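**Q** A predicted structure for the sequence below; I have some questions about it.
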Amino acid sequence: MSINSSAPARGLFIVFEGGDGAGKSTQVQRTSQWLQSAGATVLTTREPGGTQISEELRSLVLDHGHGEIDARTEALMYAAARAAHVQQVIIPALDAGTHVICDRFVDSSLAYQGVGRGLGVDAVAAINSFATGGLHPDATILLDISAQDGRSRRIANTGGIEESDRLESEPDDFHERIRMAFKELAAENPQRYLVLDATEDIEQLQSQIVTHLTGLL
Ligand code: TYD
């Protein structure tokens, strides 16, 4: 058997999850900067998105004005966007030794479509297993936030105006169910989850993330 010693070590697949307004994008950027300053190659990306077709699906599923989208169609649109993203972007990057930091992944579908929309976690997990070919994150960082705090932060970030996409427009009890769903997913997968209180300050959060990821590198 010959081993190709020139093949790079596979990159880490790091995912940030949490309710709307949890501050994921700030921590994604900080984590990327930290890894790059340590000499690593990093790709930051988001779901739905990351390829042309996935960004177009993002607009279709999130923007108002495309008429009614039933729950199954919504789940399949997220899964289709994810399939393209995994095949075209995430797997090639990981194979090339690049660490991939992704803002949301399958667990968002399990929480929002499986629990929030009531499709059931198992059904949504099944279509996502097909979409991803079974790719799982090496680490998932959950920024836990209440529905009310998430909404206040979103409003603060948009200069006091409530600009909500189709999912953000759902009432607080929908977002509370999403929050509980993420906590349950974390409890079921303790080996890959780090759960943080999103109301802690940015530096405190980042240092806990750095400690957790250092253990995996
Ligand atoms: P996000 O990019 O976090 O929103 P923004 O950065 O604009 O605040 O996520 C977009 C929305 O899509 C968010 O409300 C969660 C929802 N979503 C799902 O319902 N299922 C999914 O699988 C994903 C990835 C996102």
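**A** Perfect, I can see it now.
**Q** use CA for all of it now, contacts and neighbours both
**A** Will do.
**Q** Tell me the residues of the protein that contact the ligand?
**A** Applying C-alpha under 6 Å from any ligand atom, we find that the chain lies next to the ligand at 20, 47-48, 78, 104-106, 108-109, 112-113, 167-168.
**Q** Adding pLDDT, neighbour count and secondary structure as columns, could you present these in TSV?
**A** Below are those laid out as TSV (pLDDT from 0 to 100; neighbours: other C-alpha atoms under 10 Å; DSSP: H, G, I helix; E, B strand; the rest coil):
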residue	pLDDT	neighbour count	secondary structure
20	84	23	coil
47	98	20	coil
48	97	27	coil
78	98	24	helix
104	98	22	coil
105	98	24	coil
106	98	22	helix
108	98	22	helix
109	98	23	helix
112	96	25	helix
113	98	23	helix
167	82	16	coil
168	84	19	coil
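**Q** And the furthest pair within the residues you listed?
**A** Farthest pair in the residues of the chain next to the ligand (C-alpha to C-alpha) is 106 and 168. Separation: 18.1 Å.
**Q** in the lengthiest helix in the chain, what's buried?
**A** Counting residues, the longest helix found in the chain (DSSP state H) is helix 172-188. By 16 or more other C-alpha atoms under 10 Å, the buried positions in helix 172-188 come out as 174-179, 181-183, 186.
**Q** Determine the angle, from 0 to 180 degrees, between the helix or strand encompassing residue 124 and helix 172-188.
**A** Following DSSP states H and E, one finds residue 124 within helix 121-132. Relative orientation of helix 121-132 versus helix 172-188 (axes from the mean of the first three to the mean of the last three C-alpha atoms, to 10 degrees): 70 degrees.
**Q** other SSEs contacting helix 121-132?
**A** If contacts are counted by 3 or more C-alpha pairs under 8 Å, 6 or more residues apart in numbering; DSSP states H and E, helix 121-132 sits against helix 71-85, helix 106-109.
**Q** residues of that helix that come out buried?
**A** Across helix 121-132, burial judged by 16+ other C-alpha under 10 Å covers 121, 124-125, 128-129, 131-132.
**Q** low pLDDT regions in the protein?
**A** Scanning the chain for pLDDT under 70 picks out 1-5.
**Q** In it, mark out all the strands, start to finish.
**A** Secondary structure of the chain by DSSP state E: the strands cover 13-18, 42-46, 99-103, 139-144, 193-197.
**Q** can I get those in JSON lines with mean neighbour count?
**A** Shown next, in JSON lines, are these (neighbours: other C-alpha atoms under 10 Å):
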{"stretch": "strand 13-18", "mean neighbour count": "24"}
{"stretch": "strand 42-46", "mean neighbour count": "19"}
{"stretch": "strand 99-103", "mean neighbour count": "23"}
{"stretch": "strand 139-144", "mean neighbour count": "24"}
{"stretch": "strand 193-197", "mean neighbour count": "18"}
